[in-house]
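Peer 1: I'll drop the sequence and a predicted model, then ask my questions.
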Amino acid sequence: MPQIFVTGVERSGATLAAKILHDALGVLMGNVGGRLRPPRPGWTHQTFEDARLHEILIGSFESEGDLRDAFAEYIRDRGELSGPTWGAKSCAFGSRLPLLVSLCDAPVVIDVWRSPAAVMASYEAATDQPYQAAQAWYLSARAAHEAALARAGCPVISFDFDELVADPAILAPAMEMIDVQAKRPDMIYTALHEEMIHYDARGRWVPRAVQHKVGPWGKVAVGVRTATGPEPEFFICYQQLLTSLRQGDGALRPAVNMPAHWAADSLVRAFLNQTDADTLFMLDDDMTFSADVLTRLRDHEEGQQYHMLSAFATRRQYPPRPITMRRLRYQPPEPMSLQGVHYAHVLEYPPGYQVFEADMTGLACTLIRRSVFESMIGEWGPAWTQYFPMVSQQSDDAQFCVNVKAKGLRIGVCLDVPIGHIGKQVFGQPQLENWLVEVAEAVNAVTQGGINAPATA
């Protein structure tokens, strides 16, 4: 079985080939940049930052034998981790590429190249270098790269980056020749072509016009944010929820062991890059809900007129105020709320309401249309867009809602689909109603001159 090494001159598009191998062809790719980046949740290309190989490539060794031993140990461990077929991507293999492939059983090198003008333009934009410096860098880098390929001593398959972008599937036949079969052929187009084709020659994302249609929610991908592990009550509810999925729906791998805004970004990137679903159903791991909560939300006729639709939830401590807020029409002086704007919890709703239009809400059980995320993509593309930016003294969900409303989109809260929030006990609609009764009784006792009015928060 092959071990695949993807390389090329920096900025030539080797990452695209590595992404296709990892996402669509099932080859676990280790990514090695020129400068090591720490592992990054939601890394769009779905490879992992291979710190160990990076250290081997840039490290100094006392002897050729020490370098060979380090490579041999790396290759043995990668085989145990990834199986007989695995890969590594780097534009920094350089003179050590021949030694690395010489220790493998069935090495294959994939060389991705691009027109010099496009590579230099991307380099200029990324490093803020003048044209002459970019040209000198390219000529030197390409000469060293071709010398390393000439000494590789194994099969070398070359791909033109622009042809790969135009038709990502051209990689599959070459891989089949070396016994690598596509595991997710649908992802070759739905995830790869749709994403990469929207970059310009300088490597910047070309914004697309996004149509914010409402109506049926279509195919749904379920995504769970969890810190260290779900609450037992949530786990039971989640298992029951999965039985209500419809044809075309699916579940993303839960985002675990990371802050809430990182976890949310990780789910969004997986949703955009790994699925063709129309809607992300975001869940937090400290909620309880009925098995039909997704069905009730997606089939709610009034709720289909919104771009985001949340179930009705409260805080998980006392007092159990709703996680639903409206921007105040009158802004008090010396504001202390989000970006200088005051919001207030909506405690009571006009009679007859089924879906309440909110300015801000928690996203612990929320349908969010794909177009909402697509409209947020910044100039460097989905990989580097922060959909849920962290802001001080506010939740990531709050800032996300502010950004959504700024685009003129609608956020709805489905009042007749209540859920529970797990704290020291489960808080929800019944606890809210009891608390409102306590408040009303307290107010009546005070206005009537009572001296034993119940204390309320």
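Peer 2: That came through fine. Numbers count the residues shown, from 1 in each chain.
Peer 1: so residue 141 sits in a strand?
Peer 2: No. Assignment of residue 141 by DSSP: H, G, I helix; E, B strand; the rest coil gives helix, placing it outside any strand.
Peer 1: how near is it to residue 90?
Peer 2: Distance, residue 141 to residue 90, using Cβ to Cβ, to the nearest Å: 13 Å. (Glycine included, C-beta is placed from N, CA and C.)
Peer 1: same drill for those two, tell me which one is more crowded.
Peer 2: residue 90 (25 against 19; other Cβ atoms under 10 Å).
Peer 1: what's the local residue count around the closest residue to that one other than its chain neighbours?
Peer 2: Among residues not flanking residue 90 along the chain, residue 32 sits closest, at 3.6 Å (Cβ to Cβ, 6 or more residues apart in numbering). Neighbours of residue 32 under the rule other Cβ under 10 Å: 24.
Peer 1: does residue 32 touch residue 94 like I think?
Peer 2: No. Residue 32 lies out of contact with residue 94 (Cβ atoms under 8 Å); the separation is 11.2 Å.
Peer 1: spit out the residues that contact those two alike.
Peer 2: Shared contacts of residue 32 and residue 94 (Cβ atoms under 8 Å, 6 or more residues apart in numbering): residue 57.
Peer 1: coming back round to it: any idea how far the residue nearest to residue 90 is from residue 235?
Peer 2: 37 Å.
Peer 1: next: residue 30.
Peer 2: 32 Å.
Peer 1: ok, now residue 296?
Peer 2: Going from residue 296 to residue 235 by Cβ to Cβ gives 21 Å.
Peer 1: again with residue 439
Peer 2: Going from residue 439 to residue 235 by Cβ to Cβ gives 34 Å.
Peer 1: what do you get for residue 358?
Peer 2: Applying Cβ to Cβ to residue 358 and residue 235 gives a distance of 28 Å.
Peer 1: what's the helix or strand where residue 368 lies packed up against?
Peer 2: Here residue 368, judged by DSSP states H and E, is contained in strand 365-369. If you count contacts as 3 or more Cβ pairs under 8 Å, 6 or more residues apart in numbering; DSSP states H and E, strand 365-369 packs onto strand 279-284, helix 293-298, strand 308-312.
Peer 1: so what strands line up beside the helix or strand following the shortest one?
Peer 2: This means strand 308-312. Where DSSP H and E defines the elements, the next helix or strand beyond strand 308-312 is strand 324-327. Using DSSP bridges, strand 324-327 pairs in its sheet with strand 343-345 (antiparallel), strand 360-361 (antiparallel).
Peer 1: residues in contact with the shortest one?
Peer 2: By that I understand strand 360-361. 310, 323-327, 338, 343, 397-398, 401-402, 405, 411, 413.
Peer 1: now do the SS call for residue 111.
Peer 2: Residue 111 is classified as strand under three-state DSSP.
Peer 1: tell me how far the residue nearest to it when sequence neighbours are not counted lies from residue 114.
Peer 2: Distance criterion Cβ to Cβ, 6+ apart; nearest residue to residue 111, sequence neighbours excluded, is residue 158 at 4.6 Å. Distance of residue 158 to residue 114, computed by Cβ to Cβ: 11 Å.
Peer 1: the two: which is more packed in?
Peer 2: Remark: of residue 158 and residue 114, residue 114 carries more neighbours, 22 against 12, as counted by other Cβ under 10 Å.
Peer 1: I'd guessed the more buried one sits against residue 13; true?
Peer 2: Yes. Assessed by Cβ under 8 Å, residue 114 is found in contact with residue 13 at 5.5 Å.
Peer 1: name the residues contacting each of those two.
Peer 2: residue 161.
Peer 1: point to the helix or strand of the chain where mean pLDDT is at its lowest.
Peer 2: Within the chain, no helix or strand scores below helix 194-196, which has a mean of 49 by mean pLDDT, DSSP states H and E.
Peer 1: the helix or strand that it is followed by packs against which elements?
Peer 2: Per DSSP H and E, helix 194-196 leads on to strand 220-226 as the next helix or strand towards the C-terminus. Judged by 3+ Cβ pairs under 8 Å, 6+ apart, strand 220-226 is in contact with helix 232-242, strand 250-251, strand 255-256, helix 260-274, strand 279-284, helix 293-298.
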